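Asks: Okay, here's the prediction I keep looking at, along with the sequence it came from:
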Amino acid sequence: MSTTTDMDTLTQAARERLDQHAYETVQRHFHESTGCPFWLGKKSELNFDPLTEVKSYDDIKKFPLFEDEWLRGGPISRWVPKDMVDRPTYVFETGGTTGIPKSRMVIDDFRTDYELFSETLPDEYFPKGANWLMLGPSGPRRLRLAVEHLCQHRGGICFCIDLDPRWVVKLIKKGWMEHLDEYKKHCVDQAITVLTAGHDVKCLFATPKLLESLALGLEDRGTSIQEIGITGIFSGGTEFTPQWTRYAVEELLGGPPEEGGVYMTPTYGNTLMGLACSKPVTAETDYKIAYYAPQPRATTEVVSFDDYNTVVGYGETGRVKLTTLTKEFFVPGFMERDEGEREQPFDTYPWDGVSGVRPFHKFAKSTTVGVY
Amino acid sequence: MLNIPIIRWGKPYESMETEEVHHFSTGEPIAVVSQANGGLIRRDMKKSQSARDVLRDIPTGVLIDRIKKAGDLYDTATLPIGDGQQTPADFVHQQSATTGLPEHMCAANMKKNSFVLHNMDKILDALTRGLDLEILSRGYGIESRGVVVSYQAQAPALGAVLPSNSPGVHTLWLPVIPLQLGLVLKPGPQEPWTPYRMMAAFVEAGIPAEAFAMYPGGPDAGAAVLESCQRAMIFGGTATVEQYRGNPHVQAHGPGFSKILIGDDMVDRWEEFIDLIAESIYINSGRGCINCSGVWASRHTKEIAAALAERLGPIEAKPPTDPEAGLAAFTVEGMAVAVWNMIEADLKEEGVTDMTAPHGARLVEQERCAYLRPMVVHCESPENAIALKEYMFPFSTVVQCPENEMLKRIGPTLVCSGITENQQLIQALSDANHIDRLNIGQIPTSRLNWLQPHEGNIIDFLFRGRAYQIPEEQVAALSG
């Protein structure tokens, strides 16, 4: 463990790196030769010049908060940086059950983010060369391709299922709970078919709800996640509470990794940013889950409910604010639909984290979380 | 402060997620209640057959005797709850403190539950229409008229998603244990008291703890109970009832919309009925589904409404410990105001009169809770929007409606008291499919005969009658 002085040094170095990265990112996105049409157009609406007045990460507060409504509708090409227009480009969508979905243009980010995430995975449980199963949303979702890339990056082949989250949301809104249940079974059946077909799948992405259904489905067939050969699970979502994690570890995965042989790592993120990783989650720490963004490519801050430019004290509760600073995408201050507590930096991630992530209390009643 | 765990087939389990239950008027924390996650429930339900098996090892007669003993314990004993102990007086105090129901009403509800426990044999006899309980236990047998019958349990356990606001509903699930089915309860967030005390009394009386599962928790827990129990009941509003309509696995108990209909042959004697109508509206602070929310007559309706308003209008909100307290508090922030706003909007309609208005403001807001004082609203026509409304306080409309139109207009009615001697009207009431419990004569809607099955007979819900043929010699053996 680092001493206070060591930690201060690490934190300071990370901060300097972030400041430099923020400066370079803003230079890119607002320079006529490299910026995208959207930001170059926005520039004239700003009451400051980003090229001369953003010198550090803190200066990003000068931008108005990012409105995710800007992501609805086209043309999608307005988000492509000028110097990347010839590159193969993806579009990933969020929402869209009704109306126009939010679209994010991506060139390399999902690959870079998941390669960085790959470095955090323990090889013992996520063996290089192992095959994966992606038990999550398909279609125009980042996860679909990102998990497949993660698997390929680690030398494996990724199996996928068909899962349309928009249909799931419609089923919930219509109150068609029997259909919802059948659809969940349909997804889990696809997974079990892959897992029992001799493909030597060892690693899995699954949402908490599907992981739970998969475990119960396997149990009904007289087997388990352990017995079927899964050793590493990557999962994510606000349902990842300490109680849910404890339940999953103790009752679905056969105990902690050293006993049950299955390692599960929670993550936090969305299409706008990369993946925030968690400190290892153990019984000794009461299954506390604290996420750390992949700085300097993205940051998470826990800010006051009353002033989104003021960070709350350590251990205090606030709303989660994301900032994305990559070569291809710039999101200054996006207010997530989540809240949580601000966490101290530590050796691996010498910058702030966020724990206890849950739906923002003002939206919680109207938000449908963890639908698949 | 008490710590109340989840119970997983008899075994306590402390969750990492907890909720504090507070005193509604002081804000003082009273208990910390473990919260179950849905997956845990779904997984446990795979073992529900064990609950039925362990109960089937005990003859129904023995179970009934133990339940009577549990009734004594429930009434008088100091019983374990979580990491503490609870006397009957503690129970009354705690239930009142978290639900807002006056203490003397909590004590009265305790007596109701106790009556059901002490009369379980008679109640089961009424519910089964005299069937030998051994037939339900074994699944088949010979009926008293010498015929082979079979009733097959449709689930090894009954799930129930319970409300916080009406402790009376617990009588509905009490007969499940002597029917040798396990109990899976999701207590109301403010009312963990009855399920836990009842379980403690049952276990102390010798019923195996493995027959019980208790899952306090949020909506996720409620959904998991409904999804994973093959038979479950839920208590909620009209939307809840609609959601589960036609679902054979779920029995949804919603608002009662209970009513008193006065026939033309009796309505000129209306003054004689004011006491029973007032009792039907006001008893138990008007919270029950069996409380009257509409009085229907063809004439004298203004006088009836005025007399009821005179009787109920002056009633004031009093502290829950006051033996004279007749009103329960609304303990959920903003709810009383929201209800009052809905009523106020309806009162603006022409032909609608708030007869209790002369008796002062109805909405009484206090620091941490609010009350709504009794309301009697006169409607000149069944067309008035408020005519068929029901609220969680002593509230009733008095609706002017020709007798021959009443049955077409009253809508779904849990309890209907028809005050009439007109045989034609009595027959029409008896034939009306939208009336559940029917009282003919001067009987308050709130006065239940426990030997008459309540809405949705639990036997019909939990058991399926079917053909069952066995060789003659086996029939003879069963008869012997």
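Replies: Sure, I can see it. It should be emphasised that the depicted structure is a prediction, and the values quoted were computed from it without experimental measurement.
Asks: Relative to chain B, how far out is A:Trp167?
Replies: 19 Å (CB to the nearest CB, to the nearest Å). C-beta here means a position set from N, CA and C on the backbone, and glycine is covered the same way.
Asks: quick one: the helices in the stretch 51-200 of chain B?
Replies: B:60-76, B:88-99, B:103-118, B:120-127, B:133-138, B:193-204 (DSSP state H, counting those that start in this stretch).
Asks: An error on my part: the question was meant for the stretch 251-400 of chain B.
Replies: Using DSSP H, counting those that start in this stretch, helices in the stretch 251-400 of chain B cover B:274-282, B:301-312, B:335-347.
Asks: and of the ones you listed, who's closest to A:Thr3?
Replies: Among these, the nearest to A:Thr3 by CB to CB is helix B:335-347 (53.9 Å).
Asks: Tell me which residues of that closest one come out buried.
Replies: Buried residues in helix B:335-347, defined by neighbour count with 16 or more other CB atoms under 10 Å in any protein chain shown: B:336, B:339-340, B:343, B:346-347.
Asks: so can I have CSV of the residues you listed showing distance to chain A and pLDDT?
Replies: Below are those laid out as CSV (distance: CB to the nearest CB, whole Å; pLDDT from 0 to 100):
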residue, distance to chain A, pLDDT
B:Ala336, 19, 95
B:Val339, 18, 96
B:Trp340, 21, 97
B:Ile343, 23, 97
B:Asp346, 25, 96
B:Leu347, 28, 97
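Asks: could you give the mean pLDDT of the helix or strand hosting A:Val168?
Replies: For A:Val168, the enclosing helix or strand under DSSP states H and E is helix A:165-174. In this model, helix A:165-174 carries a mean pLDDT of 90.
Asks: circling back to that earlier point, any idea which of the helices of the stretch 51-200 of chain B gets closest to chain A?
Replies: helix B:193-204 (20.1 Å; CB to the nearest CB).
Asks: what packs against the helix or strand following that closest one?
Replies: Once the chain leaves helix B:193-204, the next helix or strand it forms, by DSSP H and E, is strand B:212-214. With contacts taken as 3 or more CB pairs under 8 Å, 6 or more residues apart in numbering or on different chains; DSSP states H and E, strand B:212-214 sits against strand B:6-8, strand B:182-186, helix B:193-204.
Asks: next one: strand B:212-214 to chain centre, how far?
Replies: 19 Å (CA atoms, centre = their mean, to the nearest Å).
Asks: so of the helices of the stretch 51-200 of chain B, which one's packed in deepest?
Replies: Greatest average neighbour count among those goes to helix B:193-204 (a mean of 24), per mean count of other CB atoms under 10 Å in any protein chain shown.
Asks: so can I have TSV of the helices and strands packed on strand B:212-214 showing distance to A:Leu145?
Replies: TSV is the format used below for those (distance: least, CB to CB, whole Å):
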stretch	distance to A:Leu145
strand B:6-8	40
strand B:182-186	40
helix B:193-204	49
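Asks: JSON lines please, covering the ones you listed and showing mean pLDDT and distance to B:Asn404.
Replies: Compiled in JSON lines, those are given as follows (pLDDT from 0 to 100; distance: least, CB to CB, whole Å):
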{"stretch": "strand B:6-8", "mean pLDDT": "98", "distance to B:Asn404": "54"}
{"stretch": "strand B:182-186", "mean pLDDT": "98", "distance to B:Asn404": "45"}
{"stretch": "helix B:193-204", "mean pLDDT": "97", "distance to B:Asn404": "44"}
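Asks: okay if I get those as a markdown table plus distance to chain A?
Replies: Shown next, in a markdown table, are the helices and strands packed on strand B:212-214 (distance: least, CB to the nearest CB, whole Å):
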| stretch | distance to chain A |
| --- | --- |
| strand B:6-8 | 10 |
| strand B:182-186 | 16 |
| helix B:193-204 | 20 |
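Asks: can you pull the contacts of B:Met392?
Replies: B:165, B:286-287, B:330, B:339 (CB atoms under 8 Å, 6 or more residues apart in numbering or on different chains).
Asks: swap in B:Gly82?
Replies: B:2-5, B:12, B:31, B:196.
Asks: do B:Ile435 as well
Replies: Per CB under 8 Å, 6+ apart, neighbours of B:Ile435: B:413, B:416, B:429.
Asks: quick one on the thing from earlier: for B:Arg447, which of the helices of the stretch 251-400 of chain B is the nearest?
Replies: helix B:274-282 (7.8 Å).
Asks: roughly how far is the lengthiest strand in chain A from the heart of the chain?
Replies: Counting residues, the longest strand in chain A under DSSP state E turns out to be strand A:330-343. Distance, stretch centre to chain centre, for strand A:330-343: 12 Å (CA atoms, centre = their mean).
Asks: do stretch B:265-283 as well
Replies: Using CA atoms, centre = their mean, the offset of stretch B:265-283 from its chain centre is 24 Å.
Asks: out of the contacts of B:Ile435, who's nearest chain A?
Replies: Distances from chain A to the contacts of B:Ile435, taken as CB to the nearest CB, are shortest for B:Thr413 (25.1 Å).
Asks: Please report phi then psi for the closest one.
Replies: Dihedral angles of B:Thr413 (phi, psi; degrees, to the nearest 10) stand at phi -140, psi 120.
Asks: isn't it right next to B:Lys259, touching?
Replies: Yes - B:Thr413 is within contact range of B:Lys259, at 5.2 Å (criterion: CB atoms under 8 Å).
Asks: So those two - more neighbours on which side?
Replies: B:Lys259 (27 against 24; other CB atoms under 10 Å in any protein chain shown).
Asks: On the strand side of things, show who the more buried one bridges to.
Replies: B:Gly294, B:Cys416 (DSSP bridges).
Asks: so where's the stretch 1-150 of chain A shaky on pLDDT?
Replies: A:1-2 (pLDDT under 70).
Asks: Centre of the chain to the helix or strand following the helix holding A:Val168, how far?
Replies: Note on helix A:165-174: by DSSP H and E, the next helix or strand toward the C-terminus is helix A:177-195. Counting by CA atoms, centre = their mean, helix A:177-195 is centred 24 Å from the centre of its parent chain.
Asks: what's the angle from the helix or strand following helix A:177-195 to helix A:177-195?
Replies: Using DSSP H and E, the helix or strand that directly follows helix A:177-195 along the chain is strand A:201-206. Computed with axes from the mean of the first three to the mean of the last three CA atoms, to 10 degrees, the direction of strand A:201-206 lies at 160 degrees from that of helix A:177-195.
Asks: Is any residue of strand A:201-206 near chain B?
Replies: No - Strand A:201-206 does not reach chain B (CB under 8 Å from any CB of the partner chain); its nearest approach is 12.7 Å.
Asks: Could you measure from the residue lying closest to B:Ser479 once chain neighbours are set aside over to chain A?
Replies: The shortest distance from B:Ser479 to any residue other than its chain neighbours is 5.2 Å, reached at B:Ile142 (CB to CB, 6 or more residues apart in numbering or on different chains). From B:Ile142 across to chain A, the span is 38 Å (CB to the nearest CB).
Asks: and B:Ile142, bridged to which residues?
Replies: B:Val148.
Asks: My guess is it contacts B:Leu478. True?
Replies: Yes - B:Ile142 lies in contact with B:Leu478 (CB under 8 Å); the separation is 4.7 Å.
Asks: and for those two, which residues touch both?
Replies: Joint contacts of B:Ile142 and B:Leu478 (CB under 8 Å, 6+ apart) are B:Val148.
Asks: ok, and the closest non-adjacent residue to A:Phe234?
Replies: Here the residue nearest A:Phe234, using CB to CB, 6+ apart, is A:Phe205, at 5.1 Å.
Asks: Okay, and the beta partners of that neighbour?
Replies: A:Met134, A:Phe234.
Asks: ok, back up a step: output the helices of the stretch 251-400 of chain B in a markdown table, with distance to B:Ala209 appended to each entry.
Replies: As requested, those are arranged in a markdown table below (distance: least, CB to CB, whole Å):
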| stretch | distance to B:Ala209 |
| --- | --- |
| helix B:274-282 | 40 |
| helix B:301-312 | 45 |
| helix B:335-347 | 36 |
